[in-house]
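K.L.:
Sequence first, then the predicted structure, then my questions.
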Amino acid sequence: MLIILDRDGVINQYDGSYICSPDEWHPIPGSIDAVARLCNAGHRIAVATNQSGIGRGYYDVDTLDAMHDKLKGLVEAAGGCIDLITYCPHRPDDYCRCRKPQIGLLEQIRTHFQLNSLNGAIMVGDSRKDLEAGLSAGCDVALVRTGNGLETECHLQERPIPRARIPVYNTLSSFADAVLAAEGWQKQNESV
């Protein structure tokens, strides 16, 4: 299965401030191990992240690459692999097609993996725009309560996304636990 992760607030700590250097980039406890466990179970992992800090001039592409090198290095040290990271460098007022909730980043991922569609993929995010992008691209979606997740969960109760079933998990680690437990149950039943 292809699992697409938002970055800020899902994999790394995020309080609403721009993360402008690798030194400011800190993983949420358990998130790196969660990615590695999903990889080791045979899942492909991609990241789709809005990074308007580039368009605002807070950091450049080389700095973003250094943050992503740190992320990939930590995941590899834990025994996993991130297959692809896509990002949107534009400001919200650029109205680009790649900035979530638009689906441009997810289309880049679909093309990279040579898929006809993203049906069966899961988009994991902490914001409404992550969920809307995933649903618009044909993914299943999941919300985590880290980052903006608690606030998003409250807003979804007030203003739900029509016709969407959105499971909610405390962290990326608890999402991974649920995916891996469900697969274990399926494998046990397939072998009976």
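P.N.:
Everything's here; your move.

K.L.:
show me where pLDDT drops low in this structure?
P.N.:
Low-confidence segments of the chain (pLDDT under 70): 184-192.

K.L.:
That one: helices as residue ranges?
P.N.:
Secondary structure of the chain (DSSP state H): helices at 31-40, 52-55, 61-77, 104-112, 128-136, 149-158, 172-191.

K.L.:
Check which helices and strands the third one sits against.
P.N.:
Spelled out, it's helix 61-77. Counting contacts by 3 or more C-beta pairs under 8 Å, 6 or more residues apart in numbering; DSSP states H and E, helix 61-77 is packed against helix 31-40, strand 44-50, strand 84-88. All C-beta spots, glycine's among them, are computed from the backbone N, C-alpha and C.

K.L.:
If we use 10 Å, what do you get?
P.N.:
helix 31-40, strand 44-50, helix 52-55, strand 84-88 (3 or more C-beta pairs under 10 Å, 6 or more residues apart in numbering; DSSP states H and E).

K.L.:
which residues are in contact with it?
P.N.:
Helix 61-77 is contacted from outside by 7, 11-12, 19-27, 31-36, 39, 45, 47, 49, 51, 53-54, 59-60, 80-82, 85, 87, 89, using C-beta atoms under 10 Å, 6 or more residues apart in numbering.

K.L.:
Could the C-alpha coordinates of that helix be exported in PDB?
P.N.:
Coordinates of each C-alpha in helix 61-77 appear next as PDB, following Å, rounded to 0.1, in the frame of the first residue of the first chain:
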ATOM      1  CA  VAL A  61      15.400  25.000  -1.300                       C
ATOM      2  CA  ASP A  62      18.900  24.000  -0.100                       C
ATOM      3  CA  THR A  63      17.800  24.400   3.500                       C
ATOM      4  CA  LEU A  64      14.600  22.400   2.800                       C
ATOM      5  CA  ASP A  65      16.700  19.700   1.200                       C
ATOM      6  CA  ALA A  66      18.900  19.600   4.300                       C
ATOM      7  CA  MET A  67      15.800  19.200   6.500                       C
ATOM      8  CA  HIS A  68      14.600  16.300   4.200                       C
ATOM      9  CA  ASP A  69      18.000  14.700   4.300                       C
ATOM     10  CA  LYS A  70      17.800  14.700   8.100                       C
ATOM     11  CA  LEU A  71      14.400  13.100   7.900                       C
ATOM     12  CA  LYS A  72      15.500  10.500   5.400                       C
ATOM     13  CA  GLY A  73      18.600   9.800   7.400                       C
ATOM     14  CA  LEU A  74      16.700   9.200  10.600                       C
ATOM     15  CA  VAL A  75      14.200   6.900   8.900                       C
ATOM     16  CA  GLU A  76      17.000   4.900   7.200                       C
ATOM     17  CA  ALA A  77      18.800   4.600  10.500                       C
END
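
K.L.:
Same list (the helices and strands packed on helix 61-77) but as a markdown table, adding distance to I3 and mean neighbour count.
P.N.:
Formatted as a markdown table, the helices and strands packed on helix 61-77 follow (distance: least, C-beta to C-beta, whole Å; neighbours: other C-beta atoms under 10 Å):
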| stretch | distance to I3 | mean neighbour count |
| --- | --- | --- |
| helix 31-40 | 6 | 22 |
| strand 44-50 | 6 | 23 |
| helix 52-55 | 24 | 18 |
| strand 84-88 | 11 | 19 |
